[in-house]
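S.K.: quick one, structure for this:
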Amino acid sequence: MSDEHDPLHDIRELRPDLLQPGDVVDPGVLVNERSRLMSSIEGTTTDPDSLWHAPSIYPRLSYDDERAALEFLTRAFGFVERREARMDGGKPEESILAWLDFGDGVVMIGRTETEVHMIHSPADTGGKNTAMLMVHVDDIDAHYERAIAEGAQIVMEINDAFYGNRRYEALDPEGHRWHFHESLEHVKARRGEA
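M.R.: Got it, this is the predicted structure:
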């Protein structure tokens, strides 16, 4: 039987990400439903601690090339994508929304959208930023070396700040400014210093 005569063909062609409104901003729905489905299949119970809870606030960053940004942020800065939460048109020319974890923080990235949300990539504004993303890391020196090795543009060299953090700042390929830091107490403990 060809797909044209198959009554289930239309249902098979539907994709949940294309059926939802374009502004869905809670990847936890997909993550948690996947967890519940797998528990049902495996005959287990869903561990409440395994369910994802979105933080009360998280940024959405705009990129002209969000796919390249996703690849860079995971490779150079160590973010981890919640792959099951990605909203993706499926074709390279179609936009995506992706949620990236770092520790207990999350950031959403998507294509520049100037008609509804009026958010721009710094690449579109002459490099002007209106925010800086602050990220706590467990080993600032290793993070710094990784970022350099992966081609991140360092705009503040690593240094010890008077207020008790070791820090550096870098730009991603479209100019979003990232401030990475670790407490000096943690740095000393990690190094075995008194």
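
S.K.: list the buried residues in stretch 185-194.
M.R.: 186, 187 (16 or more other CB atoms under 10 Å). Bear in mind the C-beta positions are built from the backbone N, C-alpha and C, glycine included.

S.K.: list the contacts of that stretch.
M.R.: Stretch 185-194 is contacted from outside by 138, 139, 140, 141, 164, 166, using CB atoms under 8 Å, 6 or more residues apart in numbering.

S.K.: residues contacting the closest residue to residue 132 other than its chain neighbours?
M.R.: Excluding the flanking residues, the one nearest residue 132 by CB to CB, 6 or more residues apart in numbering is residue 177, at 4.5 Å. With contact set as CB under 8 Å, 6+ apart, residue 177 has these partners: 122, 129, 131, 132, 133, 155, 169, 170, 171.

S.K.: same check on residue 105?
M.R.: Each residue near residue 105 by CB under 8 Å, 6+ apart is listed here: 55, 58, 135.

S.K.: tell me which helix or strand in the protein has the weakest average pLDDT.
M.R.: helix 16-19 (a mean of 46; mean pLDDT, DSSP states H and E).

S.K.: strands along this structure, start to end?
M.R.: Using DSSP state E, the strands of the chain run over 60-63, 80-81, 87-88, 96-102, 105-111, 132-136, 153-160, 165-171, 177-183.

S.K.: of all those, which one is nearest residue 145?
M.R.: Among these, the nearest to residue 145 by CB to CB is strand 153-160 (9.2 Å).

S.K.: off-centre distance for that closest one?
M.R.: 22 Å (CA atoms, centre = their mean, to the nearest Å).

S.K.: with stretch 133-153 instead?
M.R.: Chain-centre distance of stretch 133-153: 15 Å, with CA atoms, centre = their mean.

S.K.: neighbours around residue 121, how many?
M.R.: 22 (other CB atoms under 10 Å).

S.K.: check contacts around the residue lying closest to it once chain neighbours are set aside.
M.R.: Nearest non-adjacent residue to residue 121, counting by CB to CB, 6+ apart: residue 174, 4.6 Å away. By CB under 8 Å, 6+ apart, the contact list for residue 174 reads 63, 64, 65, 69, 121, 122, 123.

S.K.: this completes my enquiry, with thanks.
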